[in-house]
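> Predicted model and sequence follow; I will ask about them next.
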Amino acid sequence: MADAPTDNEAPLVLNDLGLKLQTIVPSAIRKPNGDGASRSSSVASTLKGSQDRKLSMVDLEPLPNGWTRIKHPDSGVYYVNEDKGVSTSSDVLNPKTRSLIMEGAEILQRSPALRALLEDQEVDLVLDVQHTGATRTSYYCVSHGERRVFWLEAIGHEEVDIPCTSNKCTHATGSRVHCIEAQYWKHCELFPTTFTVTKEITGELKDALLQAAADRLLVKFSTSPYDKHDLEYMLNVVKEIEADVREGGGHAAWIIARFMALYNDGVLQSSYGQADDYFDIEDTGPIIGPYKRPLLLTIFAPFFFKSPDVYAVELHSFHESFTLARWSSFVHKVDQSIRDSNLLATVLLSTNVGFLAWSDGGRTGKINAPTAAQIVAYISIICSVGSIIIGLAIFKQYRAKGADTPLRAVVVLRRILKEPFGLERLSIICSLPYVLLMWGLIAFLGAFGIIFYEDTDTQVRVPVTVALFLLMLCLFFCMYTAGPPEKEDQKPPRRSRRDRVTSLSKV
């Protein structure tokens, strides 16, 4: 007896009836969807019209003795033979399919290994017949008492890992218990009437939902797709089922199986899909103090108009306090800044094109011999186009990689905060559209100034020069006011004389 099949293993050959049985897992069984693919070809060939009409016609088709047709709570139908303890989603109306299923069930039930198990517990058989290409009959056994699926194989069969139902399974290779139970709940989802809802199951599920709801209140963020409101609704549904447990109730069993599958796969946990049980930014390295701007960034800060400092300080703060709300606010801030920069860069680009035509006027500037003003205008155009291109590239990366999701955000931040100058590089990238726009505006202003000083007299130059000087002075004070981050929280606020006198009197 083995607990897992392989994809390329040789089928179990049963010489007495010449039937070949292969192993299959519940997640590999084609879900009944009412499309007519699992019903007999004779019936399917005569049915016309909508899918609902096909399903209703099959419901009227008489069944062989011992078989019961059950409508799946989700969609489609499946068949159960209670006398043989067999369930299948294959079409038992097809004589060939039914014969293969019954023969396979008879051979498995004569197996000494299965007979020994049947003495201690209840075991169900699931057989699946596929006629795609060569006819293939597959099976697995189900133990509801142990919550597992298994297969009857020859002694000495090599044990392999059972495939898990979740593509985000974080369990180590060789950990079979979790994936075996995951396949068991998948079976209960496919054949819900074979699973009996008990007080023990609903109580276990209630405890799991309560723990998950409390977890949402205690953690900083969650990568689970279900928030506390969803968990509260799930808990109310389970309470309704617990108050009205009916044996053979397919709908209630299907709901419980789906919820238990979510719990077993870890989807209800706040750390769903993460490699760590507790995944916080501050756990990625040693504790560090306030942000200190590197010397290289300090040297180039005037050329970047100190724009990266704003993003660097906020990114550095994620070391100590990361929440999805703060990350979303940061992303929105960067997104809005890039949008504004791209819009203004587009306006500046069109203005530069008109300026080039006006500055030449058919007089001196030629393509092979441009004027100084035109050369500076070309630089402005390059900066404008660069601002637009980089902004679009950032948008593309953000949307394609889904950086707004908490898990992706944490993964990106963990990697960046560990790399040398990673935080500064990300800050510069976020501010590049704005920086290029500013240099494009400065270049445009320079090109305009060249033409202005070449073609005007002193009476016009003096007031315009004063205006340009005031503009530059305002720009300088704007950058100086932003200042380096280390100046913001080093000195305590000064106390007034009245406060000092009051403190002395109290002493």
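Good, I have the coordinates.

> can you give me the strands in the stretch 51-200 of the chain?
68-71, 77-81, 86-88, 123-130, 136-143, 148-150 (DSSP state E, counting those that start in this stretch).

> Including mean neighbour count, could these go into JSON lines?
Using the backbone N, CA and C atoms, a C-beta is placed for each residue, glycine as well. Shown next, in JSON lines, are those (neighbours: other C-beta atoms under 10 Å):
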{"stretch": "strand 68-71", "mean neighbour count": "15"}
{"stretch": "strand 77-81", "mean neighbour count": "22"}
{"stretch": "strand 86-88", "mean neighbour count": "24"}
{"stretch": "strand 123-130", "mean neighbour count": "22"}
{"stretch": "strand 136-143", "mean neighbour count": "21"}
{"stretch": "strand 148-150", "mean neighbour count": "23"}
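
> now these as TSV including distance to E181 and mean pLDDT?
Shown next, in TSV, are the strands of the stretch 51-200 of the chain (distance: least, C-beta to C-beta, whole Å; pLDDT from 0 to 100):
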stretch	distance to E181	mean pLDDT
strand 68-71	24	90
strand 77-81	22	92
strand 86-88	19	94
strand 123-130	16	90
strand 136-143	11	89
strand 148-150	7	87
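
> Same list (these) but as TSV, adding distance to K292.
Conversion of the strands of the stretch 51-200 of the chain to TSV gives the following (distance: least, C-beta to C-beta, whole Å):
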stretch	distance to K292
strand 68-71	67
strand 77-81	66
strand 86-88	66
strand 123-130	64
strand 136-143	61
strand 148-150	56
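
> do you know which of these lies nearest F330?
strand 148-150 (46.3 Å; C-beta to C-beta).

> Each with direction, which strands does the closest one pair with?
strand 136-143 (antiparallel) (DSSP bridges).

> by how many degrees do the partner strand and strand 123-130 diverge?
If you take axes from the mean of the first three to the mean of the last three C-alpha atoms, to 10 degrees, strand 136-143 sits at 160 degrees to strand 123-130.

> Can I get strand 136-143 in CSV? Just the C-alpha atoms.
Taking C-alpha atoms only, strand 136-143 is exported to CSV below (Å, rounded to 0.1, in the frame of the first residue of the first chain):
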residue,chain,number,x,y,z
ARG,A,136,-7.5,4.3,-19.2
THR,A,137,-9.0,3.3,-15.8
SER,A,138,-7.7,5.1,-12.8
TYR,A,139,-8.6,4.9,-9.1
TYR,A,140,-7.8,6.0,-5.5
CYS,A,141,-9.1,5.0,-2.1
VAL,A,142,-10.5,7.3,0.5
SER,A,143,-10.4,7.0,4.3
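
> residues making contact with that strand?
19-26, 100-101, 104, 108, 114, 117, 121-130, 148-152, 184, 187, 194 (C-beta atoms under 8 Å, 6 or more residues apart in numbering).

> got the end-to-end distance for stretch 358-370?
Stretch 358-370 has its terminal residues 13 Å apart, counting by C-alpha to C-alpha, to the nearest Å.

> can you check stretch 81-101 too?
End to end - C-alpha to C-alpha - stretch 81-101 spans 11 Å.

> Show me what counts as buried in stretch 84-97.
K84, G85, V86, S87, T88, S89, S90, D91, V92, L93, N94, T97 (16 or more other C-beta atoms under 10 Å).

> do stretch 195-214 as well
Result for stretch 195-214 [16+ other C-beta under 10 Å]: buried residues F195, V197, I201, T202, L205, A208, L209, A212, A213.

> List the contacts of that stretch.
Counting by C-beta under 8 Å, 6+ apart, 144, 188, 224, 226, 228, 231-232, 234-235, 238-239, 241-242, 245-249, 252-253, 256-257, 259-260, 263, 268-270 sit against stretch 195-214.

> Restricted to strands, list those.
Using DSSP state E, no member of the contacts of stretch 195-214 falls within strands.

> Of the residues you listed, keep whichever come out buried.
For these, buried by 16+ other C-beta under 10 Å: 144, 188, 224, 226, 231, 234-235, 238, 241-242, 245, 249, 252-253, 256-257, 259-260, 263, 268-270.

> Quick check: bridge partners of Y140?
Bridge pairing for Y140 - DSSP bridges - gives V126.

> same question, the one 10 residues further on
Counting by DSSP bridges, F150 forms beta bridges with C141.

> before we move on, back to that, and the contacts of stretch 195-214, which of them are in helices?
188, 228, 231-232, 234-235, 238-239, 241-242, 252-253, 256-257, 259-260, 263 (DSSP state H).

> so who does S307 touch?
Contacts of S307 (C-beta under 8 Å, 6+ apart): S431, Y434, V435.

> repeat for I390
I429, L432, P433, L436.

> Quick one, which of those has the minimum pLDDT?
The member of those with the lowest pLDDT is I429, and it reads 89.

> For C188, give its distance to L262.
Computed as C-beta to C-beta, to the nearest Å, the C188 to L262 distance reads 13 Å.

> Listing request: residues of the stretch 201-350 of the chain with sub-threshold pLDDT.
Low-confidence segments of the stretch 201-350 of the chain (pLDDT under 70): 220-221, 223, 243-249, 271, 273-289, 323-324.

> One more pass at 80, please.
219-225, 242-249, 267-290, 318-328 (pLDDT under 80).

> Hmm, L63 is touching V92, no?
Yes - checked against C-beta atoms under 8 Å, the pair L63 and V92 is within contact range at 7.1 Å.

> Could you tell me which residues touch both of the two?
Going by C-beta under 8 Å, 6+ apart, residues that sit against L63 and also against V92 are Y79.

> Grab the nearest non-local neighbour of C383.
Sequence neighbours aside, G440 is the residue nearest to C383 in space, at 3.4 Å (criterion: C-beta to C-beta, 6 or more residues apart in numbering).

> Show me what the helix or strand where the one you found lies is packed against.
Here G440 sits within helix 422-455, counting by DSSP states H and E. Where contact means 3 or more C-beta pairs under 8 Å, 6 or more residues apart in numbering; DSSP states H and E, helix 422-455 is packed against helix 307-317, helix 324-360, helix 372-401, helix 406-418, helix 458-482.

> buried set for the shortest one?
It refers to helix 307-317. S307, P308, D309, V310, Y311, A312, V313, E314, L315, H316.

> cool, and the third one?
For helix 372-401, the neighbour count (16+ other C-beta under 10 Å) marks 373-374, 376-377, 379-388, 390-391, 394 as buried.

> Could you do stretch 179-199 as well?
Within stretch 179-199, the residues that count as buried by 16+ other C-beta under 10 Å are 179-195, 197.

> now E119: how far from A105?
18 Å.

> neighbour count winner among those two?
Ranked by neighbour count (other C-beta atoms under 10 Å), E119 and A105 place A105 first, with 19 against 6.

> Could I get the contacting residues of the more buried one?
By C-beta under 8 Å, 6+ apart, the neighbours of A105 are N81, K84, G85, V86, L125, L127.
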